[in-house]
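K.L.:
Predicted coordinates and the sequence they were generated for:
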Amino acid sequence: MNPPTPRGCTEASAPPARMTSASPQREKDPKKRIVITGMGLVSVFGNDIDTFYDKLLQGESGVTYIDSFDTTTYSTKFAAQIHGFTSKGYIDEKNDSRLDDYIRYCLVSGKRALQHANLDSNALETIDRTRIGTITGTGIGGAMTLHRASKALTQKGVKRMSPFCIPFTITNMGAALLAIEAGLNGPCYPISTACASSNYCFLAAANHIRRGEADVIVAGGAEASVHPLGVGGFIACRALSKRNHEPRRASRPWDKDRDGFVMGEGSAILVMESLDHAMKREATIYAEYLGGATNCDAYHMTDPRSDGHIISFCIAKALEDAGVSPEEVNYINAHATSTPAGDLAEVKAIKKVFKNLSEIKMNGTKSLIGHGLGASGGFEAIATIKAINTGWLHPTINQDNLEPEVTIDTVPNVKKQHQVNVAISNSFGFGGHNSVVVFAPFRP
């Protein structure tokens, strides 16, 4: 499909990428300030936050050959596939055997995030649960459940279809079952904006808290797409790398030899809470969410607008919402999927907004864990928060032959110490969905 002529904003008519406010102001009201008090994940490196980040810092690739189905006829035979996952202690055995993996991942990561925030079942008994919400995103939802149901229908007839086909396929069930199991009665819904889904959930969660509609929101994303339908569909889109001879080196953002992204999967969840509520219960605070923004390229189904202009406007609006100037930002966790067009469009957008490029470091988490689709923004938010907490940035691996347009330090191949002042995390999705969120160290 050929890209249509861009409509709406043009380079000449689009709003300026840089903010006009000379002295942006951060939120000071503790009921509207939003902090991160818990994190949980299910990843290719396991379910422990510290282990996950240690693996990233070591520059270890989570990409392997796919062994969950026969890839003989597939042009891509590898992914960042989760092995050895267990939900023991988080999902009862009977339900676990029925659930789609995307829901299993969501439940485990969500419950681990609540535990990390010291909001276990006993603690929740003392809190108004009508003010605790659940907003989780997914790009595709229960595609494997749908795949199995389709096979049952065509091979054995309608009577052999699972009664759980619809509930475990639809995109809202991750958020819904997490809310049901934890007894959370606040806002509860999914957001599906492809690979930007997690960031959209963070923005929605923040808005509920800022408007006074909730005190706590469990937010993030989940995806389980390393299966025949998911991998086959992205092969048909011509989106995946075909570097079958060395899969661990296939995800290579900004490298001249990149040839597509690598599939990943899992779930990553944050507990977002008003500062006022967190302080009253003496919660540990890991970072502050300052703001964010979303917009749309309005250009093409799968390709980004090559000049990055609308992305740059999204970045600028996120900084405006956060109350920070571009000069304050010194770390970017980039979307950086390792696609030929997407990587450079993002860099062009960054250059339009930031003029202090020598002070900025930028890395690509997907070089290590692949592209988690709707969960990717969640993983990258956790990586950003861990960078804030530890003072170490994980490397962007497979940086052998950097594109000359990339004049920002990409933390190539080896971790670096870096004191994060303000960080942004970018996520973009099919359909032109752009999203940017802003995090910083918490300072009372």
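P.N.:
Nice, thanks for sending it over. Remember, predicted model here, so these are calculated numbers, not experimental data.
K.L.:
The residue nearest to residue 324 when sequence neighbours are not counted: how many residues sit nearby?
P.N.:
Nearest residue to residue 324 in three dimensions, chain neighbours excluded: residue 422, at 5.2 Å (C-beta to C-beta, 6 or more residues apart in numbering). Every residue, glycine included, has its C-beta placed from N, CA and C. As a burial measure, residue 422 scores 22 neighbours (other C-beta atoms under 10 Å).
K.L.:
Give me the residue ranges of this structure where confidence is low.
P.N.:
1-23 (pLDDT under 70).
K.L.:
which residue is nearest the centroid of it?
P.N.:
With distances taken as C-alpha atoms, centre = their mean, residue 377 lies nearest the centre of the chain, 1.2 Å away.
K.L.:
mind listing the helices for the chain?
P.N.:
49-57, 93-96, 101-116, 121-124, 143-156, 173-182, 197-210, 228-236, 275-280, 309-322, 340-353, 366-369, 376-390 (DSSP state H).
K.L.:
what about these, which gets the closest to residue 444?
P.N.:
Closest of the helices of the chain to residue 444 is helix 275-280, at 8.6 Å (criterion: C-beta to C-beta).
K.L.:
residues in contact with that closest one?
P.N.:
30, 31, 33, 34, 35, 37, 215, 216, 285, 288 (C-beta atoms under 8 Å, 6 or more residues apart in numbering).
K.L.:
Likewise for stretch 348-364?
P.N.:
Contacts of stretch 348-364 (C-beta under 8 Å, 6+ apart): 17-18, 253-254, 306-309, 311-312, 314-316, 319, 326-327, 329-334, 336, 338, 393-396, 405, 407-411, 416, 418.
K.L.:
Test my guess that residue 266 contacts residue 42.
P.N.:
Yes: assessed by C-beta atoms under 8 Å, residue 266 is found in contact with residue 42 at 4.8 Å.
K.L.:
which neighbours do those two share?
P.N.:
82, 105, 109, 222.
K.L.:
got a list of what the third one touches?
P.N.:
Going by C-beta under 8 Å, 6+ apart, residue 109 touches 40, 41, 42, 47, 220, 222, 266, 267, 268, 269.
K.L.:
Next, the buried residues of stretch 249-267.
P.N.:
Neighbour counts over stretch 249-267 (16 or more other C-beta atoms under 10 Å) mark 249-255, 258, 260-267 as buried.
K.L.:
Likewise for stretch 39-56?
P.N.:
Buried-residue list, stretch 39-56, by 16+ other C-beta under 10 Å: 39-47, 49, 52-56.
K.L.:
for stretch 81-99, same thing?
P.N.:
Buried positions in stretch 81-99, judged by neighbour count with 16+ other C-beta under 10 Å: 81, 82, 85, 87, 90, 91, 96, 99.
K.L.:
got JSON lines for those residues, with distance to residue 299 too?
P.N.:
JSON lines is the format used below for the buried residues of stretch 81-99 (distance: C-beta to C-beta, whole Å):
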{"residue": "81", "distance to residue 299": "32"}
{"residue": "82", "distance to residue 299": "33"}
{"residue": "85", "distance to residue 299": "37"}
{"residue": "87", "distance to residue 299": "40"}
{"residue": "90", "distance to residue 299": "41"}
{"residue": "91", "distance to residue 299": "41"}
{"residue": "96", "distance to residue 299": "42"}
{"residue": "99", "distance to residue 299": "37"}
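K.L.:
any idea which of those residues is closest to residue 158?
P.N.:
residue 99 (22.2 Å).
K.L.:
right, and that closest one touches residue 168 too?
P.N.:
Yes: if you go by C-beta under 8 Å, residue 99 and residue 168 touch, sitting 6.1 Å apart.
K.L.:
Can you give me the distance of residue 149 to residue 335?
P.N.:
33 Å (C-beta to C-beta, to the nearest Å).
K.L.:
So which of those two has more stuff around it?
P.N.:
residue 335 (32 against 20).
K.L.:
Nearest residue to that one in space, please, no chain neighbours.
P.N.:
Nearest one to residue 335, counting by C-beta to C-beta, 6+ apart, is residue 426 at 4.5 Å.
K.L.:
if we can go back for a sec, could I get the helices of the chain as TSV with distance to residue 74?
P.N.:
Listed next are these as TSV, based on distance: least, C-beta to C-beta, whole Å:
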stretch	distance to residue 74
helix 49-57	27
helix 93-96	28
helix 101-116	19
helix 121-124	43
helix 143-156	15
helix 173-182	27
helix 197-210	25
helix 228-236	6
helix 275-280	47
helix 309-322	32
helix 340-353	21
helix 366-369	20
helix 376-390	22
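K.L.:
Point out the one among those that comes closest to residue 69.
P.N.:
helix 228-236 (5.1 Å).
K.L.:
for the closest one, which positions count as buried?
P.N.:
So, applying 16+ other C-beta under 10 Å, buried residues of helix 228-236: 228, 229, 230, 231, 232, 234, 235.
K.L.:
What subset of the contacts of helix 275-280 is buried?
P.N.:
33, 34, 35, 37, 215, 216, 288.
K.L.:
Can you tell me how far the second one is from residue 291?
P.N.:
Put plainly, it is residue 34. For residue 34, the distance to residue 291 - C-beta to C-beta - is 9 Å.
K.L.:
Between those two, which contacts overlap?
P.N.:
residue 206.
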